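*Asks:* sequence and predicted structure below; questions after.
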Amino acid sequence: MSELLSQWLPTIIAMLITGAFAGILAGLLGVGGGIVIVPVLYFVLQAAHVSPATAMLVATATSLLTIVPTSISSIRAHHKRGNVDWLLVKRWWPYMLIGVVLGSAFALHARGTAASAVFGVVALLVAANMLFRAKAAPIAHQLPGMKGQGGMAGLIGFFSVIMGVGGGTVGVPLLTACNYSPHRAVGTASVFGILIALPGSIAMLLAHTPTDAPEGMIGMVNLPGFLCIVPLTVLLAPVGAWIGSKLDSVMLKRVFAIFLLISGGRMLMQVLGW
């Protein structure tokens, strides 16, 4: 019994820490869980003596599975407010699914190093966008033609599944850059989340488990992580939101941008061997 506890305890503690941090930060900063869960879990797993490549794969795969139940709740809330563009979803979902399939295959073939590099680069771009383009004018007056929209949908699916995030991280900046309403972009991106996370997490569940992965793995997904992270993010997100209501929103966005700069930069440094 003590031997079993010693095997599982580090994993459970790591996942509880990740869920607590992700919940508070998601509520505090008003962002999707994946963009917080992946970097936190990535570094927590390495502290538990998991290799960086395996830590990244486990972090992204586990994050994708947590997005499935949370995105369902998010879709319902945004749909009630009329902020989901279902016509756009109908046009985009086949291209997005192709991007997800290609992204999943790429991530599993290239292992964790490529995922770390992609997350690091996109995290730096998102942080720069938040810091320097928060009040910038849209790049285009409207969405491009169907070929351009198909390319956008495919890119959102491809990069999001590699990063282990929902559709908001990549999708919202792309939509708002095309003069799309921010509220409608966020609501529509909540549907992108399930389109990305469901097939992506299935692919990760069926994948081969690395030898240095923590206890409780199914494929690339850590089941204790999923069971710990989802309830803690739900419970602690309101705490983060309450803390956030007491603080300056502009400062919070800058803090989150700095968090992304540090975590994304650190990932890139590890990839480059610095």
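*Replies:* Thanks, I have the structure now.
*Asks:* residue boundaries of the strands in the chain?
*Replies:* In the chain, the segments counted as strands under DSSP state E are 217-218, 221-222.
*Asks:* can you say which of those is nearest to residue 9?
*Replies:* Nearest to residue 9 among the strands of the chain is strand 221-222 (14.2 Å), distances taken as CB to CB. Every residue, glycine included, has its C-beta placed from N, CA and C.
*Asks:* partner strands of the closest one, parallel or antiparallel?
*Replies:* strand 217-218 (antiparallel) (DSSP bridges).
*Asks:* pull the residues that contact the strand it pairs with.
*Replies:* Strand 217-218 has contacts (CB atoms under 8 Å, 6 or more residues apart in numbering) with 58, 205, 209, 223.
*Asks:* count of neighbours near the second one?
*Replies:* Going back to what we said before, that points to residue 205. Look at residue 205: counted by other CB atoms under 10 Å, it has 16 neighbours.
*Asks:* with the third one instead?
*Replies:* For residue 209, the tally of surrounding residues (other CB under 10 Å) stands at 15.
*Asks:* not counting sequence-adjacent ones, nearest residue to it?
*Replies:* Residue nearest to residue 209 in three dimensions, not counting chain neighbours: residue 217, with 4.6 Å by CB to CB, 6 or more residues apart in numbering.
*Asks:* and that neighbour, what are its bridge partners?
*Replies:* Here residue 217, judged by DSSP bridges, has bridge partners residue 222.
*Asks:* flag the shaky bits of the stretch 101-250 of the chain, pLDDT-wise.
*Replies:* 133-136, 249 (pLDDT under 70).
*Asks:* winner for burial among the strands of the chain?
*Replies:* Mean neighbours per residue, mean count of other CB atoms under 10 Å, is largest over these for strand 221-222, with a mean of 28.
*Asks:* which residues are contacting it?
*Replies:* With contact meaning CB under 8 Å, 6+ apart, strand 221-222 is reached by 11, 15, 58, 61-62, 64-65, 201, 204-205, 213-214, 216.
*Asks:* could you report the neighbour count for the closest residue to residue 111 other than its chain neighbours?
*Replies:* Distances taken as CB to CB, 6+ apart put residue 53 closest to residue 111, at 5.2 Å, once the chain neighbours are dropped. Counted with other CB under 10 Å, residues neighbouring residue 53 total 19.
*Asks:* quick one: residue 53 from residue 113, how far?
*Replies:* Noted for residue 53: a distance of 5 Å to residue 113, by CB to CB, to the nearest Å.
*Asks:* thinking again about what came up before, and the strands of the chain: which comes nearest residue 130?
*Replies:* With CB to CB as the measure, strand 221-222 is the member of the strands of the chain nearest residue 130 (29.4 Å).
*Asks:* roughly how far is the closest one from the heart of the chain?
*Replies:* Remark: strand 221-222 is offset 15 Å from the chain centroid, using CA atoms, centre = their mean, to the nearest Å.
*Asks:* okay, which residue is most central for the protein?
*Replies:* With distances taken as CA atoms, centre = their mean, the residue of the chain nearest its centroid is residue 165 (2.1 Å).
*Asks:* wait, what's in contact with the nearest residue to that residue once chain neighbours are set aside?
*Replies:* For residue 165, ignoring the flanking residues on the chain, the nearest one in space by CB to CB, 6+ apart is residue 34 at 3.5 Å. By CB under 8 Å, 6+ apart, the contact set of residue 34 is 63-64, 66-67, 163-166, 169.
*Asks:* including distance to residue 93, could the residues you listed go into CSV?
*Replies:* Formatted as CSV, those follow (distance: CB to CB, whole Å):
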residue, distance to residue 93
63, 21
64, 17
66, 21
67, 16
163, 19
164, 20
165, 18
166, 14
169, 18
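*Asks:* no more questions from me, cheers.
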